[in-house]
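A structural model of the following input is requested.
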Amino acid sequence: MSGFGVTTKRAFSLTEYNLARISYRDTAKLNAYSNAYTKLMNKRQATLLKDLNQHRAAKYQAAKASLSTALINQDTNALDAASVDATLTLVEDFLTSHGLTAVREQSTTANPVLVADLNETAPSAPLILLGHLDTVFSVGTAKQRPGVIDGERLTGPGSNDMKPGAVMAIATLLALKEANYQAHPVRLILVTDEEILHKNAPTKETIARLSKGAVAGFNFESADPDNGVVTGRKGGAIVDLTVTGIAAHSGKEPEKGRSAVLELAHQIIKAEALTDQAAGKLVNCGLVSGGTSENIIPDHAHTGIAVRFTTKQQGDELLAALQEQAAHPTVAGTTVEMKVATKIDSMDTLPGTAALLEKLQASARLLHQPVPHGKQTGGASDAGVLTAHNIPTLCGLGIMGGGAHTAHKYGLVSSMFDRAALVATTIAHLD
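Model prediction:
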């Protein structure tokens, strides 16, 4: 061997140097073509890769914790444009400071969607990192209950669902950039109206367009402390049924009236009968209104319905059944209008989901992390948009914790670092 290199004294104390030196010492007497040599070198390579990934993750730990707290201390209510804009600006500034460009996908009828790309000109199919920045909390909550890191626990509005998850998605993208990853284009998509189910907005269509052609998706929704990874979720829809009848004086000429409330009662009974909890189907008529006076046969009535389903097929069937009953009212002279205010697709378990989970589990072993298990869960997420377009997706990759949508929500800080490293390593090993 000839040539020389220049390094610093400190480099000789690095773990990477020691791993290489130990490898040479241990293999000096082995036949380079033997199975023993190959086995030992593979083991050393895995150890080195683990250390390098941990080093990259550690580099961003302080930045991730700081950004998470800053985001928690910034209100982000989907119905408040100023808080959404301030949150997006915070994230944009962070990405810019780390050498990435963020673009806002604007719409006149929806909140902005933030997009950042890595390797966008690579010829292979893209990978998607998905999350949301909005929370269920009203403006002012962050001031009342600011973000706090107390040992292992991160608290404050959005500390579980899912501001740390958004930061983890960002950190995954930065880790891949730092590692000079070039195999696939990687796209970060952060929406700002997930908690209101993208109601009356085309955000789902925007996600689908931005994810077109992707071969895998990773959604950083919060996780339970059981180290599970979500491979399937229920979907949901909000449906409005509005009945129009004919008003009349209930004492003087009731025969001229057509009761919208009576028709709504028939509609509700039929709708609720569609529930099959054992099969994972639920129809709940949670809001009811109608009429103007006890002495007037009502000419209007309304119910707001929450629909839940386990698969896309179930969702399609339930909505078709509601449309069918609306088209055939029971009370003559009344009409029923059905409108789907919003719909979140179920996250179906696709043929490629198991293989993607296996790669994640293999990466956990490589990093000497506890191996996560796959699980099905209830609450809907935007992962369903990806699976509806046949993109195998894993969800629940965000911070572990509990108390989602409550004042006592929390996240476990160490899980932020471990899971971001886990997803980055999984992506690095995808074909």
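
can we go C-alpha only for contacts and neighbour counts from here?
Will do.

shaky segments in the chain?
1-28, 32, 41-42, 44-64, 404-405 (pLDDT under 70).

From Ala183, how far out is the residue of it most remote from its centre?
For the chain, the C-alpha farthest from the mean C-alpha position belongs to Lys252; by Cα atoms, centre = their mean, that distance is 57.4 Å. Here Lys252 is placed at a distance of 78 Å from Ala183 (Cα to Cα, to the nearest Å).

got it, and Leu241?
In this structure, Leu241 and Ala183 are separated by 49 Å, where distance is defined by Cα to Cα.

repeat for Lys177
When distances are taken as Cα to Cα, Lys177 and Ala183 turn out to be 11 Å apart.

hey, what's in contact with both of the two?
Here Lys177 and Ala183 have no joint contacts, going by Cα atoms under 8 Å, 6 or more residues apart in numbering.

Can you pull the domain assignment for the chain?
Under the assignment automatic domain parsing, the domains of the chain span 12-58, 60-233+346-428, 235-344.

hang on, the earlier thing: could you look up the SS state of the residue farthest from the centre of the chain?
Three-state secondary structure (criterion: DSSP: H, G, I helix; E, B strand; the rest coil) places Lys252 in coil.

cool, and Thr121?
Secondary structure, three-state DSSP: Thr121 is coil.

Tell me which stretches of the stretch 251-400 of the chain form strands.
282-290, 296-297, 300-309, 335-344, 373-377, 393-394 (DSSP state E, counting those that start in this stretch).

May I see the ones you listed arranged in a markdown table, with mean neighbour count as well?
Putting the strands of the stretch 251-400 of the chain into a markdown table (neighbours: other Cα atoms under 10 Å) gives the following:
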| stretch | mean neighbour count |
| --- | --- |
| strand 282-290 | 17 |
| strand 296-297 | 22 |
| strand 300-309 | 23 |
| strand 335-344 | 19 |
| strand 373-377 | 15 |
| strand 393-394 | 28 |
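
And the ones you listed: which comes nearest Asp224?
Closest to Asp224 of the strands of the stretch 251-400 of the chain is strand 373-377 (Cα to Cα; 10.4 Å).

ok so Ser415 is a helix residue?
Yes. In this structure, Ser415 lies within a helix as judged by three-state DSSP.

ok, it to Gly228 distance?
12 Å.

now Val385
Applying Cα to Cα to Val385 and Gly228 gives a distance of 21 Å.

ok, the two, which is more surrounded?
Residue environment comparison for Val385 versus Gly228 gives the larger neighbour count to Val385, 25 against 18, counting by other Cα atoms under 10 Å.

Name the nearest residue to the more buried one, ignoring sequence neighbours.
Leaving out its chain neighbours, the residue that sits closest to Val385 by Cα to Cα, 6 or more residues apart in numbering is Asp345, at 5.9 Å.

rewinding a little: deepest in the core, which of the domains of the chain is it.
domain 60-233+346-428 (a mean of 21; mean count of other Cα atoms under 10 Å).

what distance separates that one from the middle of the whole chain?
Computed by Cα atoms, centre = their mean, to the nearest Å, the separation of domain 60-233+346-428 from the middle of its chain amounts to 6 Å.

and if you look at stretch 260-278?
32 Å.

Any chance you could list what contacts that stretch?
243-246, 281-285, 290-291, 298-303, 318, 322, 325-326, 329-331, 334.

just to revisit the earlier point, dump the residue contacts of the residue nearest to Val385.
Under the criterion of Cα under 8 Å, 6+ apart, the contact list for Asp345 reads 234-236, 312, 315, 380-382, 384-385, 388.

export those residues to CSV and tack on distance to Val261?
Formatted as CSV, the contacts of Asp345 follow (distance: Cα to Cα, whole Å):
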residue, distance to Val261
Lys234, 31
Gly235, 29
Gly236, 26
Lys312, 32
Gly315, 27
Ala380, 31
Ser381, 34
Asp382, 36
Gly384, 35
Val385, 36
Ala388, 37
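
So which of these belong to helices?
Using DSSP state H, 312, 315, 384-385, 388 are the members of the contacts of Asp345 that sit in helices.

Now the two most distant members of these.
Gly315 and Val385 (13.4 Å).

what residues are shared contacts of these two?
Common neighbours of Gly315 and Val385 (criterion: Cα under 8 Å, 6+ apart): 345-346.

all helices for the stretch 51-200 of the chain, in order.
Per DSSP state H, counting those that start in this stretch, the stretch 51-200 of the chain has helices spanning 61-72, 81-97, 141-144, 163-178. These are given in chain order.

Of all those, which one is nearest Ala420?
helix 163-178 (5.4 Å).

how close does Ala86 sit to Glu92?
Taken as Cα to Cα, the span from Ala86 to Glu92 is 10 Å.

what's the answer for Thr393, then?
26 Å.
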